[in-house]
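Student: Can you look at this prediction? I've put the sequence above it.
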Amino acid sequence: MFSSRLNWTQRPNRLSTLLAEKRQAGAQVLDLTESNPTRVGLAYPEAEILAALADASALRYHPAPQGMDSARGAVAGYYHERGTDISISSVLLTASTSEAYAFLFKLLTNPGDEILAPRPSYPLFEFLAGLESVHIRQYPLRYDGVWHVDFDALEQAITPRTRGIVVVNPNNPTGSFLKRAELDRLDSLAAERGLAILSDEVFRDYAFAAEADRASTLAGDRRALTFSMSGLSKIAGLPQMKLGWIVASGPHSDQALDALELIADTYLSVSTPVQVALPRLLALSNGILRQIRQRTASNLARLRDALYGSAATLLRTEGGWYAVLQVPRTRTEEEWTLKLLDESGILVQPGFFFDFESEAFLVVSLLPEPSIFAEGLARLRSII
């Protein structure tokens, strides 16, 4: 009766089953996977946010498929403040980064076409692509003390049906940024092969240190058709506001934006109140950004100290909200996560959730409140 695009396995895995049992029994679980910024004790400027949403002009509806000029101008201002100048005309608003992917898959592909995506990475692309009847082919990121793109494997993954290459910059969960030399090579490769680059930059503001060779954004002059994506979810710690964007650059970007506007006009999904509020929300984001940066940096330092001299290794991370631990292969990742949850009440994620090629890796969020994070690390070390 229903579309084959929905043929996803929905059976609970062993970890989610055990977690549900623990919570139903009233057991305390220290969640070291928490990634919702609105649930980790941050101080939001509530009155100012509500005032921004109370603008009476939001009561008048003027459909603007590409987004209101004032909102797109605020996005252009966001890039200008970070050293990149873009035109308002290059910006298209979406309800989220996920919707941005959906629009771009509609723009670039026909059913059965392929998009390349990194591995490891956040487990979302297969679902988004599947809903568009598109296939994901993965290319690996390699770790030798620093994460980098395996370009030989990436080129081998390109087929006649490949239409685009996804980069997540910085990657989730590895926290690795694309380097300038990698960007030059990727830009040249995509231009030569007639492929688009889809750059997910939602964590770009969360670098742990400045590095001269880092490519913090792909927005701007490009040899290949390039789409840079971000939004309020991470920049302002406001996932519930449901506003993201696409910045198009490179050859054929004008035609791409015309087509994207047509797609957006079909849905008109971005609400007027959040568009009206966007300039103020972006201005208010600095305080939230600062708190999240302080939280993730301090928790990363706690994690580094907690693992010192232990059997676990903290892999190098350059930014984002997550950290990757390599643990002994004395048991599988699934067994590690089950043991940590069952015996110590700690919830972490196994590496295979993010398509790590080998075992054993665990992924933790750096967002939890410091007291919860510190207690969770103490329990984790005692098990490892």
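Tutor: In hand now; what should we look at?

Student: and N7, what pLDDT?
Tutor: Per-residue confidence for N7 comes out at a pLDDT of 83.

Student: what are the ranges of the helices in the stretch 201-350 of the chain?
Tutor: Across the stretch 201-350 of the chain, reading from the start of the chain, the helices by DSSP state H, counting those that start in this stretch fall at 232-235, 253-267, 272-307, 333-344.

Student: Of those helices, which stretch is the most buried?
Tutor: Mean neighbour count, computed with mean count of other CB atoms under 10 Å, is highest for helix 232-235 among these, reaching a mean of 23. Placement of C-beta: from N, CA and C, glycine included.

Student: who touches stretch 94-106?
Tutor: Contacts made with stretch 94-106 from outside it, assessed by CB atoms under 8 Å, 6 or more residues apart in numbering, are listed as 92, 115, 124-125, 128-129, 131-132, 134, 164, 196, 198, 200, 202, 227, 229-231, 233, 242-246, 260, 263-264, 267, 269-271.

Student: Restricted to buried residues, select the residues you listed in PyMOL.
Tutor: Selecting only the buried members of the contacts of stretch 94-106 in PyMOL, with burial defined as 16 or more other CB atoms under 10 Å, works like this:
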select buried, resi 92+115+125+128+129+132+134+164+196+198+200+202+227+229+230+231+233+242+243+244+245+246+260+263+264+270+271
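
Student: among the helices of the stretch 201-350 of the chain, which is nearest T317?
Tutor: helix 272-307 (7.1 Å; CB to CB).

Student: what pLDDT, on average, does the closest one get?
Tutor: For helix 272-307, mean pLDDT is 98.

Student: Which elements pack onto that helix?
Tutor: On a contact count with 3 or more CB pairs under 8 Å, 6 or more residues apart in numbering; DSSP states H and E, helix 272-307 meets helix 46-53, helix 69-81, helix 232-235, strand 313-314, strand 322-326, helix 370-383.

Student: try it again with 10 Å
Tutor: Under the contact criterion of 3 or more CB pairs under 10 Å, 6 or more residues apart in numbering; DSSP states H and E, the helices and strands touching helix 272-307 comprise helix 46-53, helix 69-81, strand 91-94, helix 232-235, strand 313-314, strand 322-326, strand 361-365, helix 370-383.

Student: now those in CSV, with distance to V348 and mean pLDDT?
Tutor: Formatted as CSV, these follow (distance: least, CB to CB, whole Å; pLDDT from 0 to 100):
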stretch, distance to V348, mean pLDDT
helix 46-53, 31, 97
helix 69-81, 33, 98
strand 91-94, 31, 98
helix 232-235, 21, 97
strand 313-314, 13, 98
strand 322-326, 8, 98
strand 361-365, 5, 98
helix 370-383, 7, 96
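
Student: Buried ones in stretch 145-155, by neighbour count?
Tutor: By neighbour count with 16+ other CB under 10 Å, stretch 145-155 contains the buried residues 147-149, 154.

Student: Same list, the helices of the stretch 201-350 of the chain, but as TSV with distance to R379 please.
Tutor: Supplementary listing: the helices of the stretch 201-350 of the chain in TSV, determined by distance: least, CB to CB, whole Å:
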stretch	distance to R379
helix 232-235	28
helix 253-267	46
helix 272-307	10
helix 333-344	4
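
Student: quick check: longest strand of the chain.
Tutor: strand 135-143 (DSSP state E).

Student: after it, next one along is what?
Tutor: On the C-terminal side of strand 135-143, the nearest following helix or strand under DSSP states H and E is strand 147-149.

Student: What is the helix or strand following that next one packed up against?
Tutor: Of the helices and strands lying after strand 147-149 in sequence (DSSP H and E), the nearest is helix 151-157. Secondary structure elements in contact with helix 151-157, counted by 3+ CB pairs under 10 Å, 6+ apart, are strand 114-119, strand 135-143, helix 180-193.

Student: rewinding a little: would you list the helices and strands packed on helix 272-307 in CSV and tack on distance to T296?
Tutor: Rendered in CSV, the data for these read as follows (distance: least, CB to CB, whole Å):
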stretch, distance to T296
helix 46-53, 22
helix 69-81, 20
strand 91-94, 26
helix 232-235, 11
strand 313-314, 14
strand 322-326, 9
strand 361-365, 9
helix 370-383, 10
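
Student: Which one, of these, ends up nearest to Q275?
Tutor: Put simply, out of the helices and strands packed on helix 272-307 the one that sits nearest Q275 is helix 69-81, at 4.1 Å, with distance taken as CB to CB.

Student: starting at the chain centroid, how far to the closest one?
Tutor: Taking CA atoms, centre = their mean, to the nearest Å, the mean C-alpha location of helix 69-81 is offset from the chain mean by 21 Å.

Student: If you count neighbours, what's buried in that helix?
Tutor: Applying 16+ other CB under 10 Å to helix 69-81 flags 71-72, 74-76, 78-79 as buried.

Student: would TSV of those residues with distance to A277 be doable?
Tutor: As requested, the buried residues of helix 69-81 are exported to TSV (distance: CB to CB, whole Å):
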residue	distance to A277
A71	9
R72	14
A74	10
V75	13
A76	17
Y78	14
Y79	19
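
Student: give me the number of residues near R11?
Tutor: 6 (other CB atoms under 10 Å).

Student: To which secondary structure element type does it belong?
Tutor: Applying DSSP: H, G, I helix; E, B strand; the rest coil to R11 yields a three-state assignment of coil.

Student: pLDDT score assigned to it?
Tutor: We have a pLDDT of 84 for R11.

Student: got it, and E34?
Tutor: At E34, the pLDDT value in this model is 97.

Student: That one is in contact with I346, isn't it?
Tutor: No. Contact criterion CB atoms under 10 Å: E34 and I346 do not qualify, at 12.0 Å.

Student: Overlap of the contact sets of these two?
Tutor: Each of V364 lies in contact with both E34 and I346 under the rule CB atoms under 10 Å, 6 or more residues apart in numbering.
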